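**Student:** quick one: sequence and predicted model below, then my questions.
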Amino acid sequence: MIDFSKFTKYSKPGPRYTSYPTAPEFHENFTENDLVEFYKNQADDRPLSLYIHLPFCRSACYFCGCNVIFTSKEDKKVRYIEYLKKELAILKQHLNTNRVVSQMHFGGGTPTFFSPEQLNEVILEIKKVFPNFEPDAEISCEVDPRFFTQEHMDVLKNGGCNRLSFGVQDLDEKVQETIHRVQPFETTQSVVKIARDAGIDSINIDLIYGLPYQTKQSFTKTIEKIITLDPDRLAVFNYAHVPWMMKTQRKFDETTFAPPSTKLEILQDTIKFFTDNSYKMVGMDHFAKPTDELFQAIEKGELHRNFQGYTTKGGADLIGIGVTSIGNGVDYYVQNLKDLNSYEKAIDSGHLPVFKGYSLSDDDILRQYVIMELMSNFSLDIKRVEEKFNINFKEYFDDALKALKEFEDAEVLTIEESKIQANETGAMLIRNIAMPFDAYLNNIPEDKRRFSKTI
Ligand SMILES: C[S@@+](CC[C@H](N)C(=O)[O-])C[C@H]1O[C@@H](n2cnc3c(N)ncnc32)[C@H](O)[C@@H]1O
Ligand code: SF4
């Protein structure tokens, strides 16, 4: 067992790099006009990846860091669908929606908190506006097992859905009660069966480590039980504790969290457990079976990172639809308005509901490449970066290389003439290893960084 106590100094606020630049850099000077200009300049042969945000949940899971609206009112959902349709109609005026769609993802909130009929209505409308889905498009949906029926499965399957992701988080009773998400194992088991019987190719399960009252022993029990469901993929997220942003997280007694060294041990146990059971670690928080595309993407060096985590489909322009959703092209990010009222108001006046965004400079695009390579593959081909961006890596990243020296000294990273490579322990610290390449982070004093802790 590695002595993790020497690494706990790296437990500091840092981005998860689902984007670079990170969301705090997005600003409101980026307007609808900017976005429309980017849409105009996009090549028609670049595929589209659609993200549809369905924000509602019935009740709060206290750990949740997602953009969620809690409601029990049916009319809110009906109204939201009307606005999604209007947003799609406005989008069609500015974007070539005849482009091929290679990917579509329903996220939330809890997409399946909508009724099967409502989900069907959304899917049909999207397919009307975007008629050219690739025959093997990846269509996925996030599912809270507590809100999922055979009828939901039928509608999703008919809509071409081939991937489902089930939120579980933890199976321990005390943990479940504390996080306000009581979900018996049998509930998860029965929805996984529904998905398997429907012939879903890829089933993912989300777990979180670092939650209140979790211990090494309790989390081991969770993973031993979860593997009996034989998921194709698992996401094992590090709990992002951001109580200044998420009010419900303030309900937790922070003394019940495992300390960073224990969290690293839990992560190490988890990696060992899944790799011993023939899963492969993908990026910093995913595991996949060797038969899964995600695993094969690593072998081919084609793993990409985006807002949903890791994906095999690079080279597509992401279009975010719905309140708070994020879109992304080669040289921009855009985020929709975050509260329902202003979202509806923008749409009522015929505008795309743009809240803020970011136009990437050449330097941003270069750093984005470097950071995403490290986050996905735990390594960086220096020669490839030099050729692709026509730079001298050592000169360009002199400061970053100096900052990485301490990781080299700690023997978690090797820096050679043509390659940077993190070892297994380095992989657990990959957010810290990527941070020196972030041009914006260094302008924020450490005590002012509003990110979750890296460990
Ligand atoms: C939108 S939710 C999933 C769908 C569904 N609402 C559910 O809960 O099952 C996406 C996933 O984000 C993860 N998540 C949410 N809040 C988190 C946090 N604070 N830290 C780490 N992961 C988090 C959870 O694993 C969750 O399953
Ligand atoms: S974890 Fe899922 S169900 Fe729970 S509040 Fe967040 S989005 Fe809703």
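**Tutor:** In hand now; what should we look at? Residues are numbered from 1 along each chain as shown. Ligands and ions are numbered 1, 2, ... in the order given.
**Student:** ok, whatever residue of the stretch 151-300 of the chain ends up closest to ligand 1 - contacts?
**Tutor:** Residue of the stretch 151-300 of the chain nearest ligand 1, by C-beta to the nearest ligand atom: G167 (2.0 Å). Placement of C-beta: from N, CA and C, glycine included. By C-beta atoms under 8 Å, 6 or more residues apart in numbering, the residues touching G167 are E142, V143, D144, P145, D206.
**Student:** which among those residues are in contact with ligand 2?
**Tutor:** The residues of the contacts of G167 that also fall near ligand 2, by C-beta under 6 Å from any ligand atom, are D144.
**Student:** redo the contacts of G167 as JSON lines? Include pLDDT.
**Tutor:** Formatted as JSON lines, these follow (pLDDT from 0 to 100):
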{"residue": "E142", "pLDDT": "97"}
{"residue": "V143", "pLDDT": "97"}
{"residue": "D144", "pLDDT": "97"}
{"residue": "P145", "pLDDT": "97"}
{"residue": "D206", "pLDDT": "97"}
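**Student:** quick check: residues of the chain near ligand 1?
**Tutor:** Residues of the chain lying near ligand 1 (C-beta under 6 Å from any ligand atom): 63-66, 107-108, 110, 142, 144, 167, 169, 206, 208, 237, 239-240.
**Student:** how many neighbours does the residue of the stretch 251-400 of the chain found nearest ligand 2 have?
**Tutor:** For the stretch 251-400 of the chain and ligand 2, the shortest gap (C-beta to the nearest ligand atom) falls at T324, measuring 12.2 Å. Residues lying near T324 (other C-beta atoms under 10 Å) number 21.
**Student:** that's a helix at the residue of the stretch 151-300 of the chain closest to ligand 1, yeah?
**Tutor:** No - looking at G167 with DSSP: H, G, I helix; E, B strand; the rest coil, it is strand, so not inside a helix.
**Student:** dig out what it forms beta bridges with.
**Tutor:** D206 (DSSP bridges).
**Student:** picking up where we left off before, for the residue of the stretch 251-400 of the chain closest to ligand 2, which non-adjacent residue is closest in space?
**Tutor:** N67 (4.3 Å; C-beta to C-beta, 6 or more residues apart in numbering).
**Student:** burial measure for that neighbour, as a count.
**Tutor:** 19.
**Student:** can you pull the pLDDT of it?
**Tutor:** At N67 the predicted local confidence, pLDDT, stands at 89.
**Student:** checking my notes, it in a helix, right?
**Tutor:** No - the assignment for N67, made by three-state DSSP, is coil rather than a helix.
**Student:** L207 versus that one, what's the distance?
**Tutor:** 21 Å (C-beta to C-beta, to the nearest Å).
**Student:** ok, back up a step: how far away is the residue of the stretch 151-300 of the chain closest to ligand 1 from Y80?
**Tutor:** Distance from G167 to Y80, by C-beta to C-beta: 21 Å.
**Student:** then C61?
**Tutor:** C61 is 20 Å from Y80, by C-beta to C-beta.
**Student:** between the two, who's got more neighbours?
**Tutor:** Per other C-beta under 10 Å, whichever of C61 and Y80 has more neighbours is Y80, with 24 against 19.
**Student:** for F237, which non-adjacent residue is closest in space?
**Tutor:** I208 (4.9 Å).
**Student:** typed the wrong thing, it's S359
**Tutor:** Leaving out its chain neighbours, S359 is closest to Y332 (C-beta to C-beta, 6+ apart), at 5.3 Å.
**Student:** per-residue pLDDT, the one you found?
**Tutor:** Reading off the model, Y332 has pLDDT 97.
**Student:** how many other residues sit next to it?
**Tutor:** Count around Y332 with other C-beta under 10 Å applied: 21.
**Student:** kindly state the beta-bridge partners for it.
**Tutor:** G329, S359.
**Student:** surely it touches V354?
**Tutor:** No - contact criterion C-beta atoms under 8 Å: Y332 and V354 do not qualify, at 11.0 Å.
**Student:** overlap in contacts of these two?
**Tutor:** Jointly contacting Y332 and V354 under the rule C-beta under 8 Å, 6+ apart are F30, L35.
**Student:** okay, helices next: where are they in the stretch 251-400 of the chain?
**Tutor:** Assigned by DSSP state H, counting those that start in this stretch, the helices in the stretch 251-400 of the chain fall at 260-276, 293-299, 340-348, 362-377, 382-389, 393-396, 398-409.
**Student:** gap between the shortest one and the chain center?
**Tutor:** Here the centre of mass of C-alpha atoms in helix 393-396, compared against the chain's by C-alpha atoms, centre = their mean, to the nearest Å, lies 30 Å away.
**Student:** hmm, who's touching the longest strand belonging to the chain?
**Tutor:** If you go by DSSP state E, the chain has its longest strand at strand 133-143. Applying C-beta under 8 Å, 6+ apart, the contact partners of strand 133-143 are 47, 100-108, 110-112, 127, 152, 156, 159-167, 191, 202, 311-313.
**Student:** ChimeraX command to pick out the buried ones of those residues?
**Tutor:** To isolate the buried ones among the contacts of strand 133-143 in ChimeraX, judged by 16 or more other C-beta atoms under 10 Å, type:
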select :47,101,102,103,104,105,106,107,108,110,111,112,152,156,159,160,161,162,163,164,165,166,167,191,202,311,312,313
